[in-house]
Each structure stands twice: as C-alpha cells, then as structure tokens.
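Enquirer: Any chance you could fold what I've pasted below:
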Amino acid sequence: MIRIRTAAALAAAALLAAGLTGIAPTASATPAPQAAAPRAAGTQHRVLFDNSKAETAGNADWIISTSQPDPLAQNAGPTSEKSWTGALSAWGVALQKTGQYSLKTLPAGSTISYGTGAALDLANFDTFVVPEPNIRFSAAEKTALLRFVQNGGGLFLISDHTQSDRNNDGWDSPAIINDLLTDNGVNNNDPFGFSVDLKNITTDNPRAVNDATDPVLHGGFGTVTGSILRNGTTFTLKPADNPSVKGLLYRTGYSGTTGAFFVTSTFGSGRVAIWGDSSPVDDGTGQPGNTLFNGWDDPAGTDAALALNATAWLAKA
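Expert: So this is what the prediction gives:
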C-alpha cells in the first residue's frame, strides 16, 4: 500500500530570505574556484539542512527543528528527538550531542547560493543535506550545488518514489534530482555517476555490501547492515561517467549497477551521498497534524548509523 503523507505543510518564513539569494557562476564561463570559508583546527563541522524546497509539503516534515535557521533557539541543550520539532530531529540532535557539529537550516523562501558572502551561503558549510526536495532547483542553484561539491563540499541527497509530488507543482524528488544531474551548467553528463530510477518500490529491506573498509558502512556511529525501503526508489550506477560511484546498499536481488539504494561518489574535491527513500530518516516525531513513522529506529535497518556515518564522511570529520 502506498504511503501518502497528507497534512499541512509549514508555511515558513521569509526569515532571512533577504540576503540569502545570490548569483551563481554562469554556465558560459568557468569561474575561479571559491574555497569554503576556512575553519580553525578543532572547530565544529558545519552542516546545513535544506528547507527551501518544500521539504514540509503535504505530510512530509523533513526538518531538524521549526526554529530556523538555528535549532538551538528552540532548545540549546537537546537530549532527544522531542527536544526539537521535526521528523529529522533525531538526526540533528544526535549530531548536536557529539559537540562536533554546528547545525543550521536554510529556511523556506531562501535561495541556495555559493560564494555570495551571505550567512547561509554554501561556502560557509562543509555539508548540505537536501531531504526529498519538492521544488525544482533554479539554474543558478544547480550551478551553485555543483560548484560547492567540486570545490570540496559534501552533498547529501534523499530521494523518494516517483509520483511523490507533495506540493503538486509537477515536480517530485526523482525528477528534481535527475534534472540537477543533467542540466546544471557545470557537468551535464551524470557528474556523480548515477541516476534516479523512476520507481515506486512498496517495501523492501536493502542490505549493505560486504566492505569492511568503507567509512560509511563502518564509521564512528556504528556498523551499517541494512536499511528500510517503504515506498521509495533505487539508483542506476554509471561508472563510465564517474568511476568513483559506489553502491553501498542494494535492493533484494540486485547488485552491480542496478538496484542500488544508497550510493556514494566524489566530484572534484567534494563528496556525494544519496538515499532512495525518506522513510529511514523519519523519526516519528514532528509538527502536529502530520502522520509520521519511526524509520530511524526501525529494527529492520540500521538507519541512524547510516545517516550519521554518511554525514561524518561528507563533512570529512
């Protein structure tokens, strides 16, 4: 049975919208690389979660906190997922509790930028998490995302199943991510070495590959053995386009270049990870009126370890 999330979206803020927009490098010229703002030794790894692409549309609630951009304004000493309001709060709180991460959210109404000097510009962060976008990236935003990764940033994409258009604008996350990979003004030939399959897989429990040296599968937050898939999709790998692409978890009965459920890659000096479903990062808590499910702690997977290890890898922690 297809899982449809149907409650009110957060009509969020023009908060900090002013000053967050910027002009990304054009496709016609290759700008000088813009390195991320330098960090002093021992400082925190900077992670920006996106909420500019309708991540709370319909019954989705893919935010770490309703306090945006700074979740600490809701609770400066979070102890559990209920300390912050959002279905991704368990993810955010787990990072916050380590003392090694600084977290922010790009609020609704903002524009993704790179190299503009704005406070929430990608150049000020090590990792950008985009959990099931439901608004297409603009041309400038797509270029900004590619330049961010190319120059050393970490990009964490989460897709969902085909026809998961929660705000009814004609674009769902598989189409949005494929558009990013094929029309970005930097490299339009699947620069990360994968494409999103246009599928709706009702249920499965993908398993991890056997690779004892992989830092995402065997990281500081635990060992990853598998994940859950509840109305999600998979990816087709294209190593001819990018030989660094790697499938870490696969749908039952699949391997090699087809049926990958969690994928990592590199581009330039940066890193990329993508997950085929938003269900595994749903912690079952969030804003009133949303019907949420606790995939984060689902015993059929090790979803928390996967999300957290991948975040650390992307941030080069």
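
Enquirer: Which of the three states applies to the closest residue in space to G220 that isn't next to it in sequence?
Expert: Nearest non-adjacent residue to G220, counting by Cβ to Cβ, 6 or more residues apart in numbering: A312, 6.1 Å away. Bear in mind the C-beta positions are built from the backbone N, C-alpha and C, glycine included. Here A312 is recorded as helix under DSSP: H, G, I helix; E, B strand; the rest coil.

Enquirer: can you tell me which residues contact A312?
Expert: For A312, the contact set (Cβ atoms under 8 Å, 6 or more residues apart in numbering) comprises 45, 215, 219-221.

Enquirer: most neighbours, which of the residues you listed?
Expert: The residue in the contacts of A312 with the most neighbours, by other Cβ atoms under 10 Å, is H45 (21 neighbours).

Enquirer: Distance check, the residue nearest to G220 against D197.
Expert: The gap separating A312 from D197 is 27 Å, by Cβ to Cβ, to the nearest Å.

Enquirer: now the strands: where do they sit in the stretch 201-317 of the chain?
Expert: For the stretch 201-317 of the chain, the strands defined by DSSP state E, counting those that start in this stretch cover 201-204, 207-208, 218-219, 222-223, 229-232, 235-237, 246-250, 260-267, 270-275.

Enquirer: export these to a markdown table and tack on distance to A73 and mean pLDDT?
Expert: A markdown table is the format used below for the strands of the stretch 201-317 of the chain (distance: least, Cβ to Cβ, whole Å; pLDDT from 0 to 100):
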| stretch | distance to A73 | mean pLDDT |
| --- | --- | --- |
| strand 201-204 | 38 | 98 |
| strand 207-208 | 37 | 98 |
| strand 218-219 | 29 | 98 |
| strand 222-223 | 30 | 98 |
| strand 229-232 | 32 | 98 |
| strand 235-237 | 36 | 98 |
| strand 246-250 | 35 | 98 |
| strand 260-267 | 32 | 98 |
| strand 270-275 | 28 | 98 |
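
Enquirer: out of those, nearest to G117?
Expert: strand 270-275 (20.1 Å; Cβ to Cβ).

Enquirer: The closest one versus strand 246-250: what angle between them?
Expert: Counting by axes from the mean of the first three to the mean of the last three Cα atoms, to 10 degrees, strand 270-275 lies at 20 degrees to strand 246-250.

Enquirer: Now strand 270-275 - C-alpha only, PDB.
Expert: Taking Å, rounded to 0.1, in the frame of the first residue of the first chain, the C-alpha atoms of strand 270-275 are listed here in PDB:
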ATOM      1  CA  GLY A 270      33.900  17.000  -2.800                       C
ATOM      2  CA  ARG A 271      31.700  14.100  -1.800                       C
ATOM      3  CA  VAL A 272      28.100  13.000  -2.500                       C
ATOM      4  CA  ALA A 273      25.700  10.500  -0.900                       C
ATOM      5  CA  ILE A 274      22.200   9.700  -2.000                       C
ATOM      6  CA  TRP A 275      19.400   7.600  -0.300                       C
END
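
Enquirer: mind listing what it pairs with, with the direction of each?
Expert: Using DSSP bridges, strand 270-275 pairs in its sheet with strand 154-158 (parallel), strand 260-267 (antiparallel).

Enquirer: Check the offset of that strand from the chain's centre.
Expert: With Cα atoms, centre = their mean, to the nearest Å as the basis, strand 270-275 stands 8 Å off its chain's centre.

Enquirer: returning to that earlier point: with distance to N151 added, can I get the contacts of A312 in CSV?
Expert: Output for the contacts of A312, formatted as CSV (distance: Cβ to Cβ, whole Å):
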residue, distance to N151
H45, 17
P215, 21
G219, 24
G220, 25
F221, 26
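
Enquirer: And the furthest pair within those?
Expert: H45 and P215 (14.3 Å).

Enquirer: Listing request: residues of the stretch 101-250 of the chain with sub-threshold pLDDT.
Expert: For the stretch 101-250 of the chain, no stretch has pLDDT under 70.

Enquirer: quick one: the helices in it?
Expert: Assigned by DSSP state H, counting those that start in this stretch, the stretch 101-250 of the chain shows helices spanning 139-150, 173-182.

Enquirer: Can you give the distance from the last one to the centre of its chain?
Expert: Mean-position distance between helix 173-182 and its chain equals 13 Å (Cα atoms, centre = their mean).
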